[in-house]
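Chemist: coords below, sequence missing:
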């Protein structure tokens, strides 16, 4: 599995008032896992993470165990904490659930979306085109998530939106892998443009077929990359 080299961002700082130190450590390590800077199967060293983040042992320890609970890390007896390997079974399970829920979601969004939803999606598509031009995989991953979350909100079903938020969070590492494939950034952007057009036309059936094709394209790309 060949992935692009990515630049590690600056570590979190103690000056941030928005989150506790444990939250900062959690966000930093999670991002490192998602973007494959911490590789699948890599055993983590708390002391190294403390040095990297400038955050103390207790918050880093709390962050790691939160990521264990979320399934991104695995405790290995007598070895330590390991980045969970990428699992094809996990991919298939998440995609199956996304297909059921997200196809229904876009049907609802096609019926209930309002102008501010369209405006938000349009702004994301403009940012997306910049990422495609710059081949910014990490930026495109973030926009991909925001695009789908915005559609979820437009469904006007908060329970469904929350379910999809969790699925998207669990998909982020897979999104990063798929977006690193040649031409996939462009493909995703074009698929988003088509879905946006169908939502604006209030074509619920067309939107359902479009997002199904989008998710199946994601699955096919992952099969080639994992």
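Modeler: Thanks, I have it. For clarity, every value in this text was computed on a predicted model and none was experimentally measured.

Chemist: Where do the helices of this protein begin and end?
Modeler: For the chain, helices defined by DSSP state H occupy the ranges 21-34, 46-53, 57-69, 88-112, 115-134, 137-154, 158-179, 184-200, 204-225.

Chemist: what sits up against the last one?
Modeler: Contacting residues not belonging to helix 204-225 are listed as 1, 88, 91-92, 95, 98-99, 102-107, 109-111, 174-175, 177-178, 180-181, 184, 187-188, 191-192, 194-195, 198-199 [CB atoms under 8 Å, 6 or more residues apart in numbering]. Every residue, glycine included, has its C-beta placed from N, CA and C.

Chemist: and what of the second one?
Modeler: Contacts with helix 46-53, where a contact means CB under 8 Å, 6+ apart, come from 11, 12, 24, 25, 28, 29, 56, 57, 60, 61, 64.

Chemist: do that again at 6 Å, thanks
Modeler: 11, 25, 28, 57, 60 (CB atoms under 6 Å, 6 or more residues apart in numbering).

Chemist: closest to residue 80 out of the helices of the chain?
Modeler: helix 46-53 (8.2 Å; CB to CB).

Chemist: and the contacts of helix 204-225, which are buried?
Modeler: 91, 95, 98, 102-107, 109-110, 174-175, 177-178, 180-181, 184, 187-188, 191-192, 194-195, 198-199 (16 or more other CB atoms under 10 Å).

Chemist: got a list of what residue 32 touches?
Modeler: residue 38 are the contacts of residue 32 under CB under 6 Å, 6+ apart.

Chemist: Could you tell me the per-residue confidence at it?
Modeler: As predicted, residue 32 sits at a pLDDT of 97.

Chemist: wait, residue 80 sits on residue 42?
Modeler: No. Under the criterion of CB atoms under 6 Å, residue 80 is not in contact with residue 42, lying 10.3 Å apart.

Chemist: Just grab the bridge partners of residue 76 for me.
Modeler: Here residue 76 sits in beta bridges with residue 80, going by DSSP bridges.

Chemist: Report how many residues lie close to it.
Modeler: 10 (other CB atoms under 10 Å).

Chemist: Can you list the low-confidence ranges for the protein?
Modeler: 1-19 (pLDDT under 70).

Chemist: how close does the residue of it most remote from its centre sit to residue 43?
Modeler: Distance from the C-alpha centroid of the chain peaks at residue 78, with 31.4 Å (CA atoms, centre = their mean). Taking CB to CB, to the nearest Å as the measure, residue 78 falls 11 Å from residue 43.

Chemist: How about residue 86?
Modeler: 16 Å.

Chemist: And these two? Which one has more around it.
Modeler: Comparing residue 86 with residue 43 by other CB under 10 Å, the one with more neighbours is residue 86, at 18 against 11.

Chemist: show me what contacts that one?
Modeler: Applying CB under 6 Å, 6+ apart, we find residue 86 in contact with 40, 226.

Chemist: Break this protein down into its domains, please.
Modeler: Listed by automatic domain parsing, the domain ranges of the chain are 21-83, 88-225.

Chemist: Now do the contacts for the residue most central in space within the chain.
Modeler: Residue closest to the average C-alpha location in the chain (CA atoms, centre = their mean): residue 172, at 2.6 Å. If you count contacts by CB under 6 Å, 6+ apart, residue 172 has them with residue 34.

Chemist: one more time with 10 Å, if that's ok
Modeler: 30, 31, 33, 34, 35, 72, 141, 142, 144, 145 (CB atoms under 10 Å, 6 or more residues apart in numbering).
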